[in-house]
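Quick one, structure for this:
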Amino acid sequence: MPDYDALLAFLREHLEQECGGDIHVLRSSVRRAIEELEEGTDTLYALVVEWGEDAGPGFTGPTRWKVVESETGSGPIFAAGTVTGFTGADEGQIEIARAVQEHGFETVGAFLYGIVPGSSVAMVRRLLAAG
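The predicted structure is shown next:
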């Protein structure tokens with residue numbers, strides 16, 4: 001696969017010349033480059049929500065959320081957090097959407113429930129950087 005080989009050769013050179021041989025610096029550099037390439041695309045991610053212990057019918061309690069790859073529903077976590085101080089699923093969704101937006105993402109579509117008890121999933125995409 002020639003494209004893969006060329007990319008790998010470039011990354012090896014970049015690792016040695018620009019990153020001082022530090023793979024962590026390379027990883028950060030590649031992450032930033034991918035984020036720049038992604039601007040203006042419609043790449044979707046999965047927002048996975050784990051409703052708090054008191055979720056039940058009232059959907060109250062500390063609720064954790066994370067943004068991950070949409071293809072797998074797992075993998076690298078691009079953003080994550082916890083929301084509290086709401087009552088009910090509707091209010092919870094609003095608070096989660098607000099928190100997700102503060103981390104550079106926006107929800108696109110409805111929250112889906114019932115796949116895993118106590119959790120829900122929604123699709124999100126990156127907000128365009130202010131130019």
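
CA atoms for contacts and neighbours, from now on please.
OK.

and the helix-or-strand element of the chain with minimal mean pLDDT, how far out from the chain's middle?
Every helix and strand of the chain was ranked by mean pLDDT, DSSP states H and E. The lowest is strand 112-113, at a mean of 84. Distance, stretch centre to chain centre, for strand 112-113: 18 Å (CA atoms, centre = their mean, to the nearest Å).

Who are the packing partners of it?
Here strand 112-113 touches strand 119-126, going by 3 or more CA pairs under 8 Å, 6 or more residues apart in numbering; DSSP states H and E.

In PDB, please show the C-alpha coordinates belonging to the strand it packs on.
Coordinates of each C-alpha in strand 119-126 appear next as PDB, following Å, rounded to 0.1, in the frame of the first residue of the first chain:
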ATOM      1  CA  SER A 119     -27.500   5.000  29.200                       C
ATOM      2  CA  SER A 120     -28.200   6.800  26.000                       C
ATOM      3  CA  VAL A 121     -26.400   7.700  22.800                       C
ATOM      4  CA  ALA A 122     -26.500  10.700  20.500                       C
ATOM      5  CA  MET A 123     -24.500  11.900  17.500                       C
ATOM      6  CA  VAL A 124     -22.300  15.000  17.700                       C
ATOM      7  CA  ARG A 125     -19.900  16.800  15.500                       C
ATOM      8  CA  ARG A 126     -17.100  19.300  16.100                       C
END
